[in-house]
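# heads up, no residue letters with this:
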Ligand code: ADP
Ligand code: MG
Ligand code: MG
């Protein structure tokens, strides 16, 4: 049976922090094309705060751990991505219902809950050139994959693939949310930084599923 325990999620959180450091300059570079050049720095500040405190949270259940991760991002990150990813992580643990492990259905519901939180907070829809362009089509593909009976690892692979396509699809768009909105047509030709970081985040969950 498919069960993910706390060790999986703790490893994911640590890998997320590492991944953000590795990609900090790349993400900031994307943001300097169509934003204010701080997306990588913002996430780095947030995840450094998470890593500073993670040791004290490790005895908590998954709902509490993710709530604390989200609150750290919300509290420390100044940019738009702080409240958005903050809400996502805060809601991610809710479907775990105070437990230390989840089955596949609950794992799926974690992403549903987290991504809906991003949409509720930021009010962006697909095509607005934001992280939602990666997350929403990815989640829809994940849902369909599960409904058509795909195995967990394969279904999550579909989630990630579709999210990456969604991120690529932001390149030709004009932004209707966030800072890039001010650029009008000058945003055309540039990938949305938040859609890129969203894919990287999903990729960390995926890589650890395969291990
Ligand atoms: P800021 O724009 O405040 O400097 P960041 O650079 O950290 O914050 O994050 C920018 C990213 O936030 C964008 O690339 C976009 O993906 C995302 N974003 C901005 N506004 C919204 C929104 N309303 N809904 C969803 N995502 C958004
Ligand atoms: Mg920015
Ligand atoms: Mg900023």
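Great, that's in hand. On a predicted model such as this, the values are computed, not experimentally measured, just so you know. Residues are numbered from 1 along each chain as shown. Ligands and ions are numbered 1, 2, ... in the order given.

# neighbouring contacts of stretch 183-202?
The set of residues that contact stretch 183-202 without belonging to it, under C-beta atoms under 8 Å, 6 or more residues apart in numbering, is 16, 19-20, 23, 26-27, 30-31, 33-35, 39-40, 43, 80-81, 84, 129-131, 133-135, 138, 159-160, 163-164, 166-168, 170-175, 178, 180-181. Quick note: C-beta positions are derived from backbone N, CA and C, even for glycine.

# So which of these reach ligand 2?
For ligand 2, the contacts drawn from the contacts of stretch 183-202 by C-beta under 5 Å from the ion are 31, 35, 39.

# For burial, what's the neighbour tally of the second one?
Other residues within reach of residue 35, judged by other C-beta atoms under 10 Å, total 24.

# Just put the ones next to ligand 2 among the contacts of stretch 183-202 in TSV and tack on secondary structure and distance to residue 205.
Converted to TSV, those look like this (DSSP: H, G, I helix; E, B strand; the rest coil; distance: C-beta to C-beta, whole Å):
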residue	secondary structure	distance to residue 205
31	helix	23
35	coil	25
39	helix	20
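
# can you list the residues of the chain near ligand 1?
Taking C-beta under 6 Å from any ligand atom as the measure of proximity, the chain contacts ligand 1 at 31, 35-36, 38-39, 42, 79-81, 84, 122-124, 130-132, 177-179, 192-195.

# Now, of the contacts of stretch 183-202, which are buried?
For the contacts of stretch 183-202, a burial check counting by 16 or more other C-beta atoms under 10 Å picks out 16, 19-20, 23, 27, 30-31, 33-35, 39-40, 43, 80-81, 84, 129-131, 133-135, 138, 159-160, 163-164, 166-167, 170, 173, 175, 178, 180.

# So which of these sit within helices?
Among these, the residues falling in helices (DSSP state H) are 16, 19-20, 23, 27, 30-31, 33-34, 39-40, 43, 81, 84, 133-135, 138, 159-160, 163-164, 166-167.

# Spell out which residues of this structure are next to ligand 3.
Residues of the chain lying close to ligand 3 (C-beta under 5 Å from the ion) are 36, 38, 79.

# Out of those residues, which is nearest to residue 142?
Distance ranking of the residues of the chain next to ligand 3 against residue 142, using C-beta to C-beta, places residue 79 first at 26.9 Å.

# Excluding chain neighbours, what is closest to the residue of the chain found nearest ligand 2?
When you check the chain against ligand 2 by C-beta to the ion, the closest residue turns out to be residue 35, at 3.9 Å. Using C-beta to C-beta, 6 or more residues apart in numbering and skipping the chain neighbours, the partner closest in space to residue 35 is residue 179 (4.5 Å).

# Please consider this matter closed, and thank you.
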